[in-house]
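task: produce atomic coordinates for the following.
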Amino acid sequence: MTRAYAILGLAAALAAGCAPATTGAGEPAGSTRSGSSAAAARLTPEDLDALMKKIDDVYHSAKGASRSGRTQDVGTRAGELAELFGDVEKFWAQQNVPRAVRLAEQARTSATEAAGHAAAGNLSRASAALRQLDGACEQCHSAYRQPDGQGGFRLKSGAISPPSAGNTTSVTRGL
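Below is the predicted model of the structure:
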């Protein structure tokens with residue numbers, strides 16, 4: 001029983017560490033609107049697309065590990081996904097799109113749950129959590145992403161406000 005509590009504690013710590021800290025105005029903690037060095041940490045649509053590519057690779061690796069019964073690999077990949085979705089949350093928080101932040105948070109939470117279940121040796125529950133993550137991805141893509149015609153996705157026009165010249169960057173494949 002002690003091992004289970006340790007695993008759940010680790011999962012909770014991972015979840016807490018992945019969530020972006022924000023100010024009351026929805027801005028990431030430490031950011032300013034004046035263009036200081038904190039503004040350099042602002043994520044761009046190109047950063048989001050890079051995150052989506054990485055998420056696609058890691059997600060498919062986790063699903064393959066799940067199908068092959070490699071519980072430890074599922075846990076490792078799910079932990080990576082939780083971290084990546086923390087960055088996706090940060091992007092959407094910086095864009096002030098609360099619904100997208102919530103969907104990214106749901107995906108991060110599902111990834112964290114998958115990691116915890118895998119660490120506890122419960123492949124069935126870890127796989128179920130990955131399916132929940134997939135559902136959050138589908139909802140977000142439906143609202144904010146569109147196919148780019150080359151097997152990938154890009155932000156929908158107007159998904160971020162004000163629209164920037166770079167908000168239609170394509171992902172070559174995946175998410």
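
return the set of buried residues in whichever strand or helix holds residue 92.
Element membership for residue 92, per DSSP states H and E: helix 71-94. Buried residues in helix 71-94, counting neighbours by 16 or more other CB atoms under 10 Å, are found at 71, 73-94. C-beta here means a position set from N, CA and C on the backbone, and glycine is covered the same way.

repeat that for stretch 90-110.
90-95, 97, 100-101, 103-110.

over to stretch 44-61?
Residues 45, 47-49, 51-59, 61 are the ones in stretch 44-61 that count as buried (16+ other CB under 10 Å).

and the helix holding residue 92, what other elements does it pack with?
With contacts defined as 3 or more CB pairs under 8 Å, 6 or more residues apart in numbering; DSSP states H and E, helix 71-94 has these neighbours: helix 2-18, helix 45-67, helix 98-119, helix 123-144.

which one, of those helices, ends up nearest to residue 152?
helix 45-67 (8.2 Å; CB to CB).

hey, C-alpha coordinates of that closest one in CSV?
Taking only C-alpha atoms (Å, rounded to 0.1, in the frame of the first residue of the first chain), the coordinates of helix 45-67 have been written out as CSV:
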residue,chain,number,x,y,z
PRO,A,45,2.4,29.3,-33.0
GLU,A,46,5.6,27.7,-34.4
ASP,A,47,6.4,26.5,-30.8
LEU,A,48,2.9,25.0,-30.6
ASP,A,49,3.4,23.2,-33.8
ALA,A,50,6.8,21.8,-32.6
LEU,A,51,5.1,20.7,-29.4
MET,A,52,2.3,19.0,-31.4
LYS,A,53,4.9,17.0,-33.5
LYS,A,54,6.6,15.9,-30.3
ILE,A,55,3.3,15.0,-28.7
ASP,A,56,2.3,13.0,-31.7
ASP,A,57,5.5,11.0,-31.6
VAL,A,58,5.4,10.3,-27.9
TYR,A,59,1.7,9.5,-27.9
HIS,A,60,2.1,6.9,-30.7
SER,A,61,5.0,5.5,-28.8
ALA,A,62,2.9,5.2,-25.6
LYS,A,63,0.0,3.6,-27.6
GLY,A,64,2.5,1.1,-29.1
ALA,A,65,3.9,0.3,-25.7
SER,A,66,0.4,-0.2,-24.4
ARG,A,67,-0.5,-2.6,-27.2
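
which helices and strands does it pack with?
By contact count (3+ CB pairs under 8 Å, 6+ apart), the secondary structure elements abutting helix 45-67 are helix 71-94, helix 123-144, strand 153-155.
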